[in-house]
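[1] Dropping the sequence and predicted coords here.
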Amino acid sequence: MTSFLVFASVLTQLSWAGEMAAPQVDKMEPKSGKPGTVLVVTGVSLHKEKVDEVYLTDHRFDLKVKVLEQTSTTIKLRIPPFIKPGRHQLLFLTAGETPTYLEQPAYVQVEELPTPPDKVEVTATVPKPAPASAPTTETASAAPTDKSSR
């Protein structure tokens, strides 16, 4: 009976510690991508009650990212379209009474999108105008009207 109580007590403490644990990332995949790429973050305590906002940071600028899906073990997010190329670290803003920024040991190498060409040459063909019609030999005889005689 004593071993059962000790076991139950340990399980209770573990479950309580799991609820109180800070969000922690184990991995983020893929390791690199272009703007628009979906990243999958896995770890513990990642649910909305623990992680309020997600950022990618280059340590000069923190860019908030849109979370697509969020569970206790995964967060799916998309690399924003206006992010600068380079290495960016994952940053969380925790939820609760005292929100805190937590840097995570997860990085993504953001690749540059291909640049569009400087000039785009547009060529169009303009149809030739229709040939003018030949003058007709018939003339309509109409009586001239004199507006001054009225």
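    Now that the structure is in, tell me what you want to look at.
[2] Going by C-alpha atoms from here, please, whenever you check contacts or count neighbours.
    Noted.
[3] Could you measure from Lys34 over to Leu68?
    Remark: distance between Lys34 and Leu68 (Cα to Cα, to the nearest Å) = 17 Å.
[4] Kindly report the same for Asp58.
    Here Asp58 is placed at a distance of 22 Å from Leu68 (Cα to Cα).
[5] more neighbours, the two?
    Asp58 (17 against 12; other Cα atoms under 10 Å).
[6] Quick one: residues contacting the more buried one.
    With contact taken as Cα atoms under 8 Å, 6 or more residues apart in numbering, Asp58 is in contact with Gly86, Arg87, His88, Gln89.
[7] Apply 6 Å and report the result again.
    Shown in contact with Asp58 (Cα atoms under 6 Å, 6 or more residues apart in numbering): His88.
[8] And it, how far from Gln89?
    In terms of Cα to Cα, Asp58 sits 6 Å off from Gln89.
[9] cool, and Lys66?
    15 Å.
[10] again, but for Val25
    Val25 sits 12 Å away from Gln89, going by Cα to Cα.
[11] of the two, who's got more company?
    Val25 (20 against 17).
[12] Bridge partners for the more buried one, pull those for me.
    Gly43 (DSSP bridges).
[13] Would you mind confirming that it makes contact with Leu46?
    No. Using Cα atoms under 6 Å, Val25 makes no contact with Leu46, being 8.1 Å away.
[14] Report how many residues lie close to Glu53.
    When neighbours are counted by other Cα under 10 Å, Glu53 registers 16.
[15] What pLDDT does the model give it?
    On pLDDT, Glu53 comes in at 96.
[16] Wasn't it part of a strand?
    Yes. Counting by DSSP: H, G, I helix; E, B strand; the rest coil, Glu53 is part of a strand.
[17] What separation is there between it and Ala95?
    In terms of Cα to Cα, Glu53 sits 8 Å off from Ala95.
[18] so how many other residues sit close to Thr37?
    For Thr37, using other Cα under 10 Å, the count is 15.
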